[in-house]
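Peer 1: Give me coordinates for this.
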Amino acid sequence: MSSTNLVSIRIITADIKRLVQFFEAATQITAKWFTEDFAELQSKSFTLAIGSTKTLAFFGEGIAEPSTNKSIIIEFFVENVDDDYRRIKELTHEIVQEPTTMPWGNRSLLFRDPDGNLINFFTPVSDEAKKKFA
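Peer 2: Residues are numbered from 1 along each chain as shown. Next up, the predicted model:
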């Protein structure tokens, strides 16, 4: 039996510099640029890759379209979502949900990046949620 591991999420954008700068400020992680059209933000637990629309030429026409996502939420576990909220509301005017404790035990902040992708910063607050992420 083979093993499958999710190693990264890639966002395609028409304005890579703007999006990379946004995620650097939001996550407080410095991006590593591989080319002027491709960068990654790496932590111990994830890699967020950001590619310009020019990178789509390697895959073929019509493969992805920037700024059209309405079905995926990119989620980040953060130490204190209320502290991050103060910083995030300075980065975007598109706060979808201020920090709210959800029924499953996470305190959640939903906002959109400059391309409209939905981002969730969350902190486990219930005992059960804390155990899940321990």
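
Peer 1: need the contact list for Ser52.
Peer 2: Listed by Cβ atoms under 8 Å, 6 or more residues apart in numbering, the contact partners of Ser52 are Ile12, Thr13, Ala14, Ile16, Glu36, Asp37, Phe38. Placement of C-beta: from N, CA and C, glycine included.

Peer 1: Can you tell me which of the residues you listed end up in helices?
Peer 2: Ile16 (DSSP state H).

Peer 1: For the chain, which segments count as strands?
Peer 2: 9-13, 32-35, 38-42, 47-52, 73-77, 95-101, 106-112, 118-124 (DSSP state E).

Peer 1: Distance to Arg86 and mean pLDDT for those - can I get that in TSV?
Peer 2: Shown next, in TSV, are these (distance: least, Cβ to Cβ, whole Å; pLDDT from 0 to 100):
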stretch	distance to Arg86	mean pLDDT
strand 9-13	25	94
strand 32-35	27	98
strand 38-42	21	98
strand 47-52	22	96
strand 73-77	16	95
strand 95-101	10	97
strand 106-112	10	97
strand 118-124	12	97
